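[1] no FASTA, just this:
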DNA sequence: CTGAAAGCGCTTACAG
DNA sequence: CTGAAAGCGCTTACAG
């Protein structure tokens, strides 16, 4: 099924078919021809070949999301948000490396060879950003501190963590620990830093055990907790902040096994507010990170970029709405959900 | 960066460049030229343009996974399995509709317009299969009963549910209920059917409330449970099988709220064995469905299909290994994990 | 408003 | 073993 066959049936040229199926008829195709083509398209069930179209246009309608891992249910929400905001004009291609690894330079090039309409990169590292050839519009997700390298959409961790520390201090905790994520991305570095700096401001001590970290997975977190709990306990830690809810699940499970009472002996908190967090036992106190809003925000930033450069090209205006939208990109709110575990 | 530039630098034709970068040099390119091209490729950082290559070849290296929803953490595992088995030769494109809806005919055509190397479809419905234009190699996941329509990879629900019923009967239950999924796909139909038929064989009654169903999401399940619990209770139901672990989480949460003791008053079970299921309270008894193995199996079936038709084309042999592999496609084991909730 | 034609960057018979 | 050339199916100036 090709445009040539449609043209044949409609009695027009393929150029006209292309104009019609792409909706570029204004002042260029007669109403009569529009209708002929449309009816031929319907009759033959014609769909524009994406590959040929992309080659001719120089760009595809594929938007690629690069994510380090998908076993964390958190990403399901991000993807929902992206899909919802993207609409049916674009296709979402997912590139995952798994196990907290980042894509290699080869992976990056393979992605760019797809001529994507946009690249959405979750928690990129330096190597990724360095290897990335120019070309595709780029938006970073969950990459605090990289705002100068590309349009970025982030959570308002400062507020969320401040609320968490206030809550912990009010419950009488004076020494807190942190179970980190092994994926050393900015968002986790920032969580740790904010905790460390904020603790003092709230009259608490931050007991640092940098090795206490695991992948985003309850089993790994459980093992890490089993290993480091004695040190935290001996240091007087009564509240353990976990890098994600998935980490917290593992801690909760292992604590039960070890007979460590939560929140009596140890308060436990997470980040994300996954659906199961209200159901685990004890129900998890956590900083909610609305993944869907993050996904939506990322797509908006992508579109702003596209529109911005369009205007730029069309009108040679250095500060189009794209640039404005970018500068104004708001942080995604992160609020504390207090339940039973802390 | 094009093949022409590489050819220029290497002092060869673009045809030779193409042969080299595609590894089709055997008996066709001299060692000297191979090295010249390779070094030019390295120097220029050349990567084959995927779009142009796909157009010329007639097929891309994109494999598309069509999934109804991604908020269910279960799919994270399926995707991991697919990625792992796919290797770096192919790219995985994800197409999601969300909220348990299936892709429309328009979506389907857009997908096929990408000329995918393969289509992996999770829980397809009739409309999808009907609208699907021939062309791309197809594998169905989680589609019991559709084995005759396309190569399919399924869980061994029969064994898993039989084990579940045996366990429930041994614990003295005589009347069981089922909280269904609203996404009316084969796998859920089959779970219900096996439960209904199997109950009698295990000396139990199946109390049918067909309307008792929700999307795969704890909140929806909680609401459904709140609504139908009185009817189940009045009918003497002491064990409630939930369509997925996510459903069960909602039931557990709501039961606690309502003061329904689990498993004392009501035993609750799920399907999937998500990471959080060991941590929820009470820990969930569930039928484990290894998503990663499902993903791997699907890719193997896809490759078998590809190899099969290759051989077929090359040697005109009606029963190549592809066909054999297909017929032998084993069910993915589903085993019962007994914890505290039932 | 219309169509012939060039071009997007590759791959693959084909002739040598 | 090598390269010129056709072709993949579109899109987009361009001339009319």
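    Yep, that arrived. Worth saying up front: this structure is predicted, and the values here are computed from it rather than measured.
[2] what comes up buried for the longest helix seen in chain A?
    Once chain A is assigned using DSSP state H, the helix that runs over the most residues is helix A:291-315. Residues A:291-305, A:308, A:311 are the ones in helix A:291-315 that count as buried (16 or more other C-beta atoms under 10 Å in any protein chain shown). To be clear about C-beta, it is placed using only N, CA and C from the backbone, and glycine gets the same treatment.
[3] run through the stretch 101-250 of chain A and note the low-pLDDT ranges.
    Counting by pLDDT under 70, the stretch 101-250 of chain A contains low-confidence residues at A:101.
[4] which residues of it fall in helices?
    For the stretch 101-250 of chain A, the helices defined by DSSP state H, counting those that start in this stretch occupy A:105-112, A:126-131, A:157-170, A:186-201, A:218-234, A:245-258.
[5] do you know which of those lies nearest DNA strand D?
    Shortest distance between DNA strand D and those, using C-beta to the nearest atom of the strand, is found for helix A:105-112: 19.1 Å.
[6] ok, and what's touching that closest one?
    Residues from elsewhere that reach helix A:105-112 (C-beta atoms under 8 Å, 6 or more residues apart in numbering or on different chains): A:64, A:66, A:95, A:97, A:103, A:119, A:127-128, A:131-133, A:135-136, B:45, B:47, B:50, B:88, B:91.
[7] near DNA strand C at all, it?
    No: judged by C-beta under 7 Å from any atom of the strand, helix A:105-112 makes no contact with DNA strand C; its nearest approach is 11.5 Å.
[8] that helix: which residues count as buried?
    Buried residues in helix A:105-112, defined by neighbour count with 16+ other C-beta under 10 Å: A:107-112.
[9] now, among those residues, which is nearest to residue A:12?
    Residue A:12 lies nearest to residue A:112 out of these, by C-beta to C-beta, at 36.2 Å.
[10] nearest residue to residue A:297 other than its sequence neighbours?
    Nearest residue to residue A:297 in three dimensions, chain neighbours excluded: residue A:153, at 4.2 Å (C-beta to C-beta, 6 or more residues apart in numbering or on different chains).
[11] who are the contact partners of that neighbour?
    Neighbouring residues of residue A:153 by C-beta under 8 Å, 6+ apart: A:139-142, A:294, A:297-298, A:301, A:329, A:332.
[12] can you list the residue ranges for strands in chain A?
    With DSSP state E, the ranges of strands along chain A come out as A:62-67, A:91-96, A:118-122, A:138-141, A:152-153, A:175-181, A:205-206, A:213-214, A:239-242, A:267-272, A:285-288, A:335-337.
[13] pick the most deeply packed of these.
    strand A:239-242 (a mean of 29; mean count of other C-beta atoms under 10 Å in any protein chain shown).
[14] which secondary structure elements does that strand sit against?
    strand A:175-181, helix A:218-234, helix A:245-258, strand A:267-272 (3 or more C-beta pairs under 8 Å, 6 or more residues apart in numbering or on different chains; DSSP states H and E).
[15] give the buried residues for the third one.
    For helix A:245-258, burial by neighbour count (16+ other C-beta under 10 Å) applies to A:245-256.
[16] relative to residue A:63, how far out is residue A:116?
    Per C-beta to C-beta, to the nearest Å, residue A:116 is found 6 Å from residue A:63.
[17] can you tell me the closest non-neighbouring residue to the closest residue to chain B within chain A?
    Across chain A, no residue is closer to chain B than residue A:281, which sits at 2.6 Å (C-beta to the nearest C-beta). Leaving aside its chain neighbours, residue A:281 sits nearest to residue B:281 (2.6 Å; criterion: C-beta to C-beta, 6+ apart).
[18] what do you get for residue A:97?
    The shortest distance from residue A:97 to any residue other than its chain neighbours is 5.2 Å, reached at residue A:103 (C-beta to C-beta, 6+ apart).
[19] I'd say the one you found and residue A:128 touch.
    Yes: contact criterion C-beta atoms under 8 Å: residue A:103 and residue A:128 qualify, at 6.3 Å.
[20] write out the residues of chain A neighbouring DNA strand D.
    Residues of chain A that fall close to DNA strand D, judged by C-beta under 7 Å from any atom of the strand: A:1-4, A:14-15, A:18-19, A:21-22, A:24, A:46, A:48-49, A:52-53, A:55-57.
[21] return a PyMOL selection command for the buried portion of those.
    Command for PyMOL that selects the buried part of those, burial taken from 16+ other C-beta under 10 Å:
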select buried, chain A and resi 3+18+19+21+46+48+49+52+53+55
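[22] burial measure for residue A:147, as a count.
    By the criterion of other C-beta atoms under 10 Å in any protein chain shown, residue A:147 has 15 neighbours.
[23] typo on my end, residue A:87
    9.
[24] model confidence for it, exactly?
    Per-residue pLDDT puts residue A:87 at 83.
[25] likewise for residue A:320?
    For residue A:320, the predicted pLDDT is 39.
[26] what does the one 4 residues further on give?
    On pLDDT, residue A:324 comes in at 42.
[27] ok, the one 4 residues further on next?
    Confidence at residue A:328, expressed as pLDDT, is 48.
[28] go on, the one 10 residues further on?
    You'll see residue A:338 listed with a pLDDT of 98.
[29] isn't it right up against residue A:285?
    Yes: if you go by C-beta under 8 Å, residue A:338 and residue A:285 touch, sitting 5.2 Å apart.
[30] list residues touching both of the two?
    With C-beta under 8 Å, 6+ apart as the test, residue A:338 and residue A:285 both reach residue A:167.
[31] check contacts around the residue of chain A closest to chain B.
    Going by C-beta under 8 Å, 6+ apart, residue A:281 touches A:252, A:256, B:279-282.
[32] would you mark the buried spots in stretch A:333-342?
    Buried residues in stretch A:333-342 (16+ other C-beta under 10 Å): A:334, A:336-337, A:339, A:341-342.
[33] end to end, how far does that stretch reach?
    This stretch, stretch A:333-342, spans 21 Å end to end (C-alpha to C-alpha, to the nearest Å).
[34] that older thread, of the contacts of residue A:281, list those near DNA strand C.
    Taking C-beta under 7 Å from any atom of the strand as the test, DNA strand C is in contact with none of those.
[35] beta partners of the residue nearest to residue A:232 when sequence neighbours are not counted?
    Nearest residue to residue A:232 in three dimensions, chain neighbours excluded: residue A:177, at 4.6 Å (C-beta to C-beta, 6+ apart). Going by DSSP bridges, residue A:177 is paired in beta bridges with residue A:240.
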